[in-house]
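# I would like the atomic coordinates for the input below:
(chains A and B)
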Amino acid sequence: DQQVKQNSPSLSVQEGRISILNCDYTNSMFDYFLWYKKYPAEGPTFLISISSIKDKNEDGRFTVFLNKSAKHLSLHIVPSQPGDSAVYFCAASRDSGYALNFGKGTSLLVTP
Amino acid sequence: NAGVMQNPRHLVRRRGQEARLRCSPMKGHSHVYWYRQLPEEGLKFMVYLQKENIIDESGMPKERFSAEFPKEGPSILRIQQVVRGDSAAYFCASSRDRMNTEAFFGQGTRLTVV
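Numbering: from 1, shown residues only, chains lettered A, B, ... in the order given. Model prediction:
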């Protein structure tokens, strides 16, 4: 059972524009959400996180929004850069615990 | 400060052989987690270990898979009598405390069973 869903397998955005990656979850017990970035043949790299007590967290060009009532979160990257091209995974945990539940990922391509 | 080191990066095994995957956590990290990524899937939690203890192995297949994190040396994920369905990327992550924040992942071991 896929408790974290990323319904867009891929996304293409022009350099300088905003990239919006979406993630939905089904388990209302999840209380901590993370985004990871992954390049081919490398491990996931932590990008940004948000606790369920917040609805927004910002770090430079990256902002994560959480809508608990809709069980939806999104990652905004602005402005997008070619180096942002990678697979982005949404992950969630419950009780702020250790076992992360990952989505299948969205492959972002930022074109010059 | 080296990151999480996994070896080998690539491992090819014939059906029925054993696979041993190694993970050296970051310096100062005593918590280790193993995840598996099947083709076209997200990462799936397998097991959480602290030094010499298995804390949670709820994601491990019931048979043929085992994990350890000895007092000295790396954590080992062992798969006995591998089958084609075991072909996947296996990622290890480590953290200083129980992962309430951001764990650091290794580069993974890609296991191919032929």
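
# buried stuff in stretch A:23-31?
Across stretch A:23-31, burial judged by 16 or more other C-beta atoms under 10 Å in any protein chain shown covers A:23, A:24, A:25, A:30, A:31. Using the backbone N, CA and C atoms, a C-beta is placed for each residue, glycine as well.

# now do the contacts for the closest residue to the second one other than its chain neighbours.
Put plainly, it is residue A:24. Beyond its immediate neighbours in the sequence, the residue positioned closest to residue A:24 (C-beta to C-beta, 6 or more residues apart in numbering or on different chains) is residue A:5, lying 4.8 Å away. Applying C-beta atoms under 8 Å, 6 or more residues apart in numbering or on different chains, we find residue A:5 in contact with A:23, A:24, A:25, A:26, A:103, A:104.

# how about the strands of chain B, start to end?
For chain B, strands defined by DSSP state E occupy the ranges B:5-7, B:10-13, B:19-24, B:31-37, B:43-50, B:53-56, B:65-68, B:75-79, B:88-95, B:104-105, B:109-113.

# contact partners for residue 30?
The chain I'm using is chain A. With C-beta under 8 Å, 6+ apart, residue A:30 has these contacts: A:3, A:52, A:92, A:93, A:94, A:101.

# let me rephrase: I mean chain B.
The neighbourhood of residue B:30, defined by C-beta under 8 Å, 6+ apart, consists of B:50, B:51, B:96.
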